[in-house]
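S.K.: Whatever this is, show me its structure:
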Amino acid sequence: ERRDIGDRERDLDEPDEDDFDEFDDDDDDDDGDRLIDVFVLCVYLLTSNARLILDKTRQFIKTHLT
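M.R.: Numbers count the residues shown, from 1 in each chain. Presented below is the predicted three-dimensional model:
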């Protein structure tokens, strides 16, 4: 399928430069959102690791000290 753009044609499957405007990294507007995302990810990883360490510690205590 093709469409006429001005005086040229292109395939509809071919990406247009305007299709990538929402992913433009030149905007500084979302730096705060990225920082929050990184912070949330770090907190999640720390808490999930803490749970794993606690579970392994409980397992060790049950098997070796009981």
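
S.K.: Could you pull out the buried residues of the host helix or strand of Ile36?
M.R.: Per DSSP states H and E, Ile36 falls inside helix 31-64. Residues of helix 31-64 include none that count as buried (16 or more other Cβ atoms under 10 Å). All C-beta atoms are positioned from the backbone trio N, CA, C, and that covers glycine.

S.K.: pLDDT on that helix, on average?
M.R.: For helix 31-64, mean pLDDT is 88.

S.K.: how close does Ile36 sit to Ala50?
M.R.: Look at Ile36 and Ala50: by Cβ to Cβ, to the nearest Å, they are 21 Å apart.

S.K.: Hmm, I typed the wrong one, I wanted His64.
M.R.: 21 Å.

S.K.: go on, Gln59?
M.R.: With Cβ to Cβ as the criterion, Gln59 and Ala50 are 15 Å apart.
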